[in-house]
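**Q** here's my sequence, what's the structure:
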Amino acid sequence: MSVLDNEAIRGYIKKLVGDDGMKIVEKMIENVPDKEVTDEKVQEISGINLNLVRKTLYILYENHLAEYRRERDKDSGWLTYLWKLDLDNAENMLKNETRKLIKKLERRLEFENNEFYVCEDDEHHRILFDYAMDANFTCPVDGSPMVYYDNNEEKQALQERIEKLKIAMK
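**A** Predicted coordinates for the structure are as follows:
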């Protein structure tokens, strides 16, 4: 069973590296699991452009999902990078991202606790109460009257999303 069988982890990695990057990860797991390989070898087994292979490997490295080791060729002095996937950390990284998203949504929910007003003719531009009051409840764009905006649906949707994420974290 592969860590990629977990749909959430698969989605997280795909978000990081895209479709081609996902193909690279899949080919590495399929062909060289738990082995160090050069980026050229990864390009060979995946059939994907070497620059994209390197970019993908560095993104995985930056997100603690891959590691590398450098070797210097004694004759030429060239450095060779040997890469290895470390997807065991994917679940922890996904949980960290989920925590960040929850905090962001909680801040947004806190902002939604403000009172908003909108132009009678255009309900898409919300203005905070203080600004609406300063403008005498007149739209600063077209001069039409501003009315109270009920954002209970937005607040409810945010609360539900936060709860679902918290449940998924358990």
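**Q** need the nearest residue in space to K95, chain neighbours excluded.
**A** Leaving out its chain neighbours, the residue that sits closest to K95 by Cβ to Cβ, 6 or more residues apart in numbering is M169, at 6.2 Å. C-beta coordinates here come from the backbone N, C-alpha and C atoms, glycine included.
**Q** against E26, how distant is G47?
**A** 12 Å (Cβ to Cβ, to the nearest Å).
**Q** of these two, who's got more company?
**A** The residue with more neighbours, out of G47 and E26, is E26; 15 against 11, by other Cβ atoms under 10 Å.
**Q** quick check: pLDDT value at that one.
**A** Listed pLDDT for E26 reads 94.
**Q** now swap in P140 and tell me
**A** 84.
**Q** phi, psi for it please.
**A** The phi/psi pair for P140 (degrees, to the nearest 10) reads phi -70, psi -10.
**Q** for it, give me its contacts.
**A** Shown in contact with P140 (Cβ atoms under 8 Å, 6 or more residues apart in numbering): I127.
**Q** which parts of this protein are strands?
**A** Counting by DSSP state E, the chain has these strands, from start to end: 37-38, 66-72, 79-85, 116-119, 122-128, 146-149.
**Q** what packs against the shortest one?
**A** In this case it means strand 37-38. Applying 3 or more Cβ pairs under 8 Å, 6 or more residues apart in numbering; DSSP states H and E, one finds that strand 37-38 contacts strand 79-85.
**Q** counting contacts, what elements does the helix-or-strand element of the chain with minimal mean pLDDT pack onto?
**A** One helix or strand of the chain scores below all others by mean pLDDT, DSSP states H and E: strand 122-128, with a mean of 79. Applying 3+ Cβ pairs under 8 Å, 6+ apart, we find strand 122-128 packed against strand 116-119, strand 146-149.
**Q** what's the first one packed up against?
**A** If contacts are counted by 3+ Cβ pairs under 8 Å, 6+ apart, strand 116-119 sits against strand 122-128, helix 129-134, strand 146-149.
**Q** closest to E115 out of those?
**A** helix 129-134 (4.1 Å; Cβ to Cβ).
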